[in-house]
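Undergrad: no sequence on this one, just coordinates:
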DNA sequence: ACGTCAATTAATCAATTTAGTTGATTAATG
DNA sequence: CATTAATCAACTAAATTGATTAATTGACGT
């Protein structure tokens, strides 16, 4: 009973927690708004200038922040903007896909410093974790010593229940069951002491969008990522919401209907996998899609037809999502060419306008800003987020937003 | 820019806010777990016994808590359980329905002390607010003076965009437009200085379930309330989530399909309104449903047929909801007889098991525990919640649940 | 059977620590 | 010299820890 509260209410708003909370708050504001002087930070955080000054000196001494050039030009003492120090911390991300795996090394500002890719016909745990091990060794080997000690964790993005999709992958059920019995954290512990975060692949992409993209500054949105299967993530109050079972934002499983009214899941009609099948059926090679991420015009008519039905179904799914949570916007990204992404966004916008929006606030439809690599990038960012930034932006008491 | 953060990040985790937060925390734990001694509270809240003691004495001096009888029987000094003091605070709730309005006076423990009902063919603002005014005067008139000063607000539960449903109500569009141009807070200010909270009616019912019901102790669930139109609410991390536009949980607008595959909203098939139409078409009187809330067996075959299709559609809608947020459970309540509610719950459970749950954690289906009056009760509870209890249960830094 | 005392647990007192705020001071600029 | 930023110094809010007091039960001795 006690521990039930320890994970739900959790709070003992103790004092040490207060300082850490405020440190994370300042780092989070800096990540979102860019370099900012103490005075401005104090205003945003609603803290006194003195408190901010003390925290800033501490974070600077920990090498998490660096001071920028004094801003001359205005009357008065020049501001000294403080910025996240790229070398303040590093992290590793691994994306496990159905045809390839990616590893990335990320710095504290969210830039990818180094990366490796492994291709395969279907994913096998040993091959992938050996690849991860050697990639980490190579990527961190030639780092200066102080940097190498600042790696704060490994984020792993992997499809939910990967072993259930044997038919699609053309792998044997036997091979895939290895994934079900695998605990990635334990497997990584065989060669690294770094803390491991395992996360759904589309949710990882959503993390990337939310922490490093989101140019519109949205606070609440649903995020679709178009991969071999379409998936998603949820952002509530500026934080990615992972859910009670860590399976929130399973948008590919939203119920839609086929033309005969039979129930169907979104991923059965709006996944890249479906486009691949169409190309194969027409005698083409679906692996073209992976090889050439810039231009799919070789398969133009099929891509176009797929885009039309996908847009229609994503629009219906989006409206359903907005009935559950009144999202400001729907953000769509994926492992697809940017012009196709634009086209998909536009078409979803048209389709959603045709639907019955009674009782709903119809959301804006916007493109993602990260692109095809969002999943690795998000995976790499998760350990940084967990260690240095705010998890949730729920308001504390004492604020003026009494729940009316 | 500043104010953007002031409502989203809000935090300046300042010190005075810290104390208020911990006070609300203890009150919230007491509401959920019942009377508890200081030591136990300290363990649940993860605060020191001394801190809890100080806060408890303060809340006691404010008459929000009363000490129970010392618990003898165990070795050691007997515990003194502290309980919410029913007379610590009062609040008023108003539910505006399509055929009737209810007003309730609630005490600090959530008990309804007094109530009034007004019936009408269709709702008119002046009639309803006059009714509210006289009801408040009557109900508070014979209260002892100290109690009368402890009323902390008025909660108003009202359907979303009521004025758009003229056809269903048989009211003129003219009459209903009065609702669009009305600001309930300003209207109430004409006769009362109490703070006013306006909230969607089904969301109000969800508040009641979450604060005063929820015997299973669920932390995350979607809530359906079966009224003239079916509506809903969302509970995340033990708090009702109202959403960016205060329209989260608009579950009646979830997309389903009719038998021909054409898109439809859940409220078009699973509302009481639909059952009423069927009864009228068969020559019966739909107002029987409102008059006799215990037994609808007079219309048995129609009720049964309606329940079957409603169950099927609610099941589909529930699964869609779980694709957005991985709810532990779906809770169903409504202005219907309890045996029909049980039957509906059971049928939804059967239907959802037949559906395609790939990629989802299929939720439990459970009945609500408040019943037909959940909307007024929730409306009355909202001001108490806003003033004395925790709004959100997001964890603070310093806890051990780092987001992995 | 009954009184006494030790063990136990709860609540509070007193002292300390953490971390915030306010107001004064210093620094750098147009 | 007015202005603005950053920091120093003093103060305050609110938590923590360790000691103390209070109210029991249960064991032991007479």
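TA: Structure received. Keep in mind that this is a model prediction, so the values were computed, not measured.
Undergrad: Residue A:62: how many residues sit nearby?
TA: 12 (other Cβ atoms under 10 Å in any protein chain shown). The C-beta positions use only the backbone N, C-alpha and C, and glycine is treated the same way.
Undergrad: What is the burial count for the closest residue to DNA strand D within the stretch 51-200 of chain A?
TA: Closest approach between the stretch 51-200 of chain A and DNA strand D, counting by Cβ to the nearest atom of the strand: residue A:76, at 2.3 Å. Residues near residue A:76, counting by other Cβ under 10 Å, number 5.
Undergrad: Then residue A:275?
TA: Neighbour tally, residue A:275, other Cβ under 10 Å: 23.
Undergrad: List the contacts of the nearest residue to it once chain neighbours are set aside.
TA: Of all residues not flanking residue A:275 in the chain, residue A:306 sits nearest, at 4.3 Å (Cβ to Cβ, 6 or more residues apart in numbering or on different chains). Shown in contact with residue A:306 (Cβ atoms under 8 Å, 6 or more residues apart in numbering or on different chains): A:274-275, A:278.
Undergrad: what's the helix or strand where residue A:57 lies in contact with?
TA: Assigned by DSSP states H and E, residue A:57 belongs to helix A:49-61. Applying Cβ under 8 Å, 6+ apart, the external contacts of helix A:49-61 come out as A:19, A:22-23, A:26-27, A:38-39, A:41-42, A:45, A:65-67, A:82.
Undergrad: Likewise for stretch A:181-197?
TA: A:92, A:125, A:129, A:132-133, A:136, A:151-156, A:158, A:198, A:382-383, A:386, B:403-404.
Undergrad: circling back: just the contacts of helix A:49-61: which are in strands?
TA: Judged by DSSP state E, the contacts of helix A:49-61 include A:65-67, A:82 as members of strands.
Undergrad: Now, of these, which are buried?
TA: A:65-66, A:82 (16 or more other Cβ atoms under 10 Å in any protein chain shown).
Undergrad: picking that back up, next one, pLDDT for the residue nearest to residue A:275 please.
TA: On pLDDT, residue A:306 comes in at 96.
Undergrad: pLDDT below threshold where in the stretch 101-250 of chain A?
TA: Where the stretch 101-250 of chain A drops to pLDDT under 70, the residues are A:166-173.
Undergrad: Please, where are all the strands along it?
TA: Listed in chain order, the strands of the stretch 101-250 of chain A (DSSP state E, counting those that start in this stretch) span A:112-119, A:151-158, A:196-200, A:221-226, A:230-236, A:239-240.
Undergrad: Skip ahead from the shortest one and say which helix or strand is next.
TA: Next in sequence after strand A:239-240, counting helices and strands by DSSP H and E, comes strand A:255-257.
Undergrad: How far off centre is that following strand?
TA: 25 Å (Cα atoms, centre = their mean, to the nearest Å).
Undergrad: That one near chain B anywhere?
TA: Yes - interface with chain B: strand A:255-257 contributes A:255-257 (Cβ under 8 Å from any Cβ of the partner chain).
Undergrad: now do stretch A:330-349
TA: No - judged by Cβ under 8 Å from any Cβ, stretch A:330-349 stays clear of chain B, getting no closer than 11.6 Å.
Undergrad: can you tell me the helix or strand for residue A:360?
TA: Residue A:360 belongs to no helix or strand, assigned by DSSP H and E.
Undergrad: Name the nearest residue to it, ignoring sequence neighbours.
TA: Going by Cβ to Cβ, 6+ apart, residue A:360 has residue B:253 as its nearest residue, at 4.9 Å.
Undergrad: can you list the residues of the stretch 201-350 of chain A near DNA strand C?
TA: Taking Cβ under 7 Å from any atom of the strand, no part of the stretch 201-350 of chain A reaches DNA strand C.
Undergrad: residue in the stretch 201-350 of chain A nearest to DNA strand D?
TA: Counting by Cβ to the nearest atom of the strand, the stretch 201-350 of chain A gets nearest DNA strand D through residue A:217, at 22.7 Å.
Undergrad: which residues does residue A:293 contact?
TA: Taking Cβ under 8 Å, 6+ apart, we find residue A:293 in contact with A:335-337, A:372.
Undergrad: was I right about residue A:37 contacting residue A:74?
TA: No - counting by Cβ atoms under 8 Å, residue A:37 stays clear of residue A:74, with 11.2 Å between them.
Undergrad: who has more neighbours, the two?
TA: Using other Cβ under 10 Å as the criterion, residue A:37 and residue A:74 rank with residue A:37 on top: 18 against 8.
Undergrad: excluding its backbone neighbours, what's nearest residue A:34?
TA: residue A:83 (7.4 Å).
Undergrad: Which pLDDT does the model give the one you found?
TA: 97.
Undergrad: Please, which helix or strand holds the residue nearest to residue A:269 when sequence neighbours are not counted?
TA: Leaving aside its sequence neighbours, residue A:269 sits nearest to residue A:313 (Cβ to Cβ, 6+ apart; 4.9 Å). Using DSSP H and E, residue A:313 sits in helix A:300-324.
Undergrad: Which residues belonging to that helix are considered buried?
TA: Here helix A:300-324 shows A:302-303, A:306-307, A:310-324 as buried, counting by 16+ other Cβ under 10 Å.
Undergrad: do stretch A:148-162 as well
TA: So, applying 16+ other Cβ under 10 Å, buried residues of stretch A:148-162: A:150-160, A:162.
Undergrad: which parts of the stretch 51-200 of chain A sit against DNA strand D?
TA: A:53, A:56-57, A:74-80.
Undergrad: Please list only the buried members of these.
TA: Buried, going by 16+ other Cβ under 10 Å: A:56, A:79, out of these.
Undergrad: among the residues of the stretch 51-200 of chain A next to DNA strand D, which two are most distant?
TA: Spanning the widest gap among these are A:57 and A:75, at 25.6 Å by Cβ to Cβ.
Undergrad: so who does residue A:143 touch?
TA: Applying Cβ under 8 Å, 6+ apart, the residues contacting residue A:143 are residue A:90.
Undergrad: Check whether residue A:255 really touches residue B:318, as I assumed.
TA: No - using Cβ under 8 Å, residue A:255 is not in contact with residue B:318; the gap is 9.5 Å.
Undergrad: helices and strands around the helix or strand that contains residue A:349, which ones?
TA: Residue A:349 is part of helix A:338-354 when elements are defined by DSSP H and E. When contacts are defined as 3 or more Cβ pairs under 8 Å, 6 or more residues apart in numbering or on different chains; DSSP states H and E, helix A:338-354 sits against helix A:300-324, strand A:329-334, strand A:364-367.
Undergrad: Okay, buried residues for it please.
TA: Result for helix A:338-354 [16+ other Cβ under 10 Å]: buried residues A:340-341, A:343-345, A:347-349, A:351-352.
Undergrad: Stretch A:260-271 too?
TA: Buried residues in stretch A:260-271 (16+ other Cβ under 10 Å): A:263-271.
Undergrad: Shouldn't residue A:356 be within a helix?
TA: No - looking at residue A:356 with DSSP: H, G, I helix; E, B strand; the rest coil, it is coil, so not inside a helix.
Undergrad: which residue sits closest to it, ignoring its sequence neighbours?
TA: residue B:265 (6.0 Å).
Undergrad: Please tell me I have it right and that neighbour contacts residue A:358.
TA: Yes - counting by Cβ under 8 Å, residue B:265 touches residue A:358, with 6.4 Å between them.
Undergrad: Return every residue with contacts to both of these two.
TA: residue B:253.
Undergrad: returning to that earlier point: name the residues that touch the helix holding residue A:349?
TA: A:226, A:296, A:303, A:307-308, A:310-312, A:314-316, A:318-319, A:330, A:332-334, A:336, A:362-363, A:365-368, A:371.
Undergrad: average model confidence for stretch A:344-354?
TA: 97.
Undergrad: How many residues are close by the residue lying closest to residue A:239 once chain neighbours are set aside?
TA: Among residues not flanking residue A:239 along the chain, residue A:392 sits closest, at 4.8 Å (Cβ to Cβ, 6+ apart). Residues near residue A:392, counting by other Cβ under 10 Å, number 19.
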